[in-house]
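> Build me a structure from this.
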Amino acid sequence: ILFRDIPDTIFAVRKDSPLIVAKDKTGGLIASDIPAILRYTKEYYRLDEGIVARIRPDEICFFNDKKESVTQKPETVDWDVEQAQKGGYAHFMLKEIHEQPDVIRRAAARRVGAGELPDLSTDGVEDDLLRTVDSVSIIGCGSAMHAGLVGRMLIESLAGIPVTVDLASEYRYAPPVTVGHTLAVPVSQSGETSDTLQALRLARKNGLSSLGVINVVGSAIARESDAVMYTGAGPEIAVATTKGYASQVTVLAMLAVKLGYLRGRIGAERASELCHSLADVLPANIAEIISRRPEIAELAKKIYSHDDLFYIGRGPDCAAAPECSLKLKEISYIHSEAYAAGELKHGTISLIEDGMPVIAVATQHDLYEKTMSNIKEVKT
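Coordinates of the predicted model:
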């Protein structure tokens, strides 16, 4: 806010959306996210809700709604401007796709402890909190909610704990019925997603404990959660999340392994094997797929001119398919839908016309033949 009769002064207020304030030798800076200020300074203030900042060339002061002076905690960016630049890639999304193996490796490796067993002590997540969990409520928007769909399958299969996954925008008006000790798990890359933050506040008001899966340290959702598992994805500039989603799934997978181990559903050998898969095997596999860019480009040439496309899958692949569909819509503007492969025959298959692309995600060995039968249906 600028006033004609108050020169060299800007007022700014945090209301629902994120706001950061900083200062360098030229004056004050206001932005919604850290990359905007990186070339000027690494020191910044993340405003609390309802706080007003008065920015002058030589000072920044903070006030509450009663005009009382208040203190805001200064923070320091722990990554540099190079990480917020393209680094030789044609665009940010391509760069962030290539960063996925390292991001996943770091997210998993930091949670592998003695004996190659899952260890969340670096997150400050106590075993006692997890041992008493009767159910889990994952809350998120967009890709974060899709990560929750995969997380639900992993937690239920490895730990035997019932899980609900809700869009934060719907949770605010119709939270699921909970039984016993329910752990709310808000998932957000920025940690500032308004709907997710409001859903977290409602969950806490209803007596749920909370464990945030967040990328940005010190963000609103991180501050208001009882405990936080940081994804460590680093800055994500591209609108269509890639490494953010991958890191969220990785962290939820580590949580699933930990819950399963604590509850005795999986033994030490199996838990160690899963930790190794997440920290070592998975990053290597993703790096190998990314290296096949010419092959992927040829596939893209076959479908880019189509107006409609279907993704199908079973089990975890069914949970991953909505994120595939969202990515295609966000980037290419091709209309696409994701379906459980077994549901095609219940009416939807009538929409498949000659030449329409159908992508089957088929990574599960025990479901592979069933998915192949669905592919044959499509071809027919």
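
> just checking, what packs against the helix or strand bottoming out on mean pLDDT in the chain?
When each helix and strand of the chain is scored by mean pLDDT, DSSP states H and E, strand 74-76 comes last, with a mean of 88. When contacts are defined as 3 or more CB pairs under 8 Å, 6 or more residues apart in numbering; DSSP states H and E, strand 74-76 packs onto strand 43-46. In short, each C-beta sits where N, CA and C put it, glycine included.

> Just give me how far whichever helix or strand comes after the strand it packs on sits from the chain centre.
Of the helices and strands lying after strand 43-46 in sequence (DSSP states H and E), the nearest is strand 52-56. From the chain centre to the centre of strand 52-56 is a distance of 32 Å (CA atoms, centre = their mean, to the nearest Å).

> buried residues in strand 52-56?
Using 16 or more other CB atoms under 10 Å as the test for burial, strand 52-56 gives 52, 53, 54, 55.

> Is it correct that the second one is in contact with residue 47?
Yes. Counting by CB atoms under 8 Å, residue 53 does reach residue 47; the two are 6.2 Å apart.

> Quick one, grab the pLDDT at residue 308.
pLDDT for residue 308: 93.

> ok, so what distance separates it from residue 257?
Using CB to CB, to the nearest Å, one obtains 38 Å as the distance from residue 308 to residue 257.

> So those two - more neighbours on which side?
Neighbours per residue, other CB atoms under 10 Å: of residue 308 and residue 257, the larger number sits with residue 257, 29 against 13.

> A helix includes residue 349, no?
Yes. Counting by DSSP: H, G, I helix; E, B strand; the rest coil, residue 349 is part of a helix.

> Now do the helices in the stretch 251-380 of the chain.
For the stretch 251-380 of the chain, helices defined by DSSP state H, counting those that start in this stretch occupy the ranges 268-276, 282-290, 293-303, 316-332, 368-379.

> what's next to the longest one, contact-wise?
Residues from elsewhere that reach helix 316-332 (CB atoms under 8 Å, 6 or more residues apart in numbering): 93, 142-143, 146-147, 149-150, 152-154, 239-240, 242, 245, 304, 309, 311-313, 334-341, 359, 361-364, 367, 371.

> repeat that with 7 Å
With contact meaning CB atoms under 7 Å, 6 or more residues apart in numbering, helix 316-332 is reached by 142-143, 146, 149-150, 153, 239-240, 245, 304, 309, 311-313, 334-338, 340, 361-364.

> What of the third one?
Where contact means CB under 7 Å, 6+ apart, the residues beyond helix 293-303 that reach it are 309, 357.

> now do stretch 242-254
The contact list for stretch 242-254 (CB under 7 Å, 6+ apart) reads 93, 96-97, 99-100, 103-104, 107-108, 111, 118, 143-144, 146-147, 150-151, 154, 187, 189, 213, 215, 229, 231-233, 236, 278, 323.

> circling back to that earlier point, tell me which of the helices of the stretch 251-380 of the chain lies nearest to residue 28.
With CB to CB as the measure, helix 316-332 is the member of the helices of the stretch 251-380 of the chain nearest residue 28 (34.2 Å).

> The least confident helix or strand of the chain pairs with which strands, and in what direction?
Strand 74-76 has the following strand partners under DSSP bridges: strand 43-46 (antiparallel).

> Give me the mean pLDDT for the partner strand.
Taken as a whole, strand 43-46 has a mean pLDDT of 91.

> for it, which positions count as buried?
Of the residues in strand 43-46, 44, 45, 46 count as buried by neighbour count, 16+ other CB under 10 Å.

> Residue 75 is in contact with the last one, correct?
Yes. The criterion here is CB atoms under 7 Å, and residue 46 meets it with residue 75 at 6.1 Å.

> re the thing from before, what separates the helix or strand just after the least confident helix or strand of the chain from the chain centre, distance-wise?
As assigned by DSSP H and E, the chain's next helix or strand after strand 74-76 is helix 92-98. Averaging C-alpha positions (CA atoms, centre = their mean) puts helix 92-98 16 Å from its chain's average.

> Can you give the contact residues for helix 92-98?
For helix 92-98, the surrounding residues in contact (CB under 7 Å, 6+ apart) are 86, 87, 89, 236, 237, 238, 240, 242, 243, 290.

> how close does residue 364 get to residue 291?
Going from residue 364 to residue 291 by CB to CB gives 23 Å.

> Pick out whichever of the two has more residues nearby.
Between residue 364 and residue 291, counted using other CB under 10 Å, the more crowded position is residue 364 (15 against 11).

> Angles on the backbone of the nearest residue to the more buried one once chain neighbours are set aside, please.
In space, and not counting its chain neighbours, residue 364 is closest to residue 315: 5.0 Å by CB to CB, 6 or more residues apart in numbering. Residue 315 has phi and psi values of phi 60, psi -140 when expressed as degrees, to the nearest 10.

> I'd assumed residue 362 was in contact with residue 315.
No. If you go by CB under 7 Å, residue 315 and residue 362 don't touch, sitting 9.9 Å apart.
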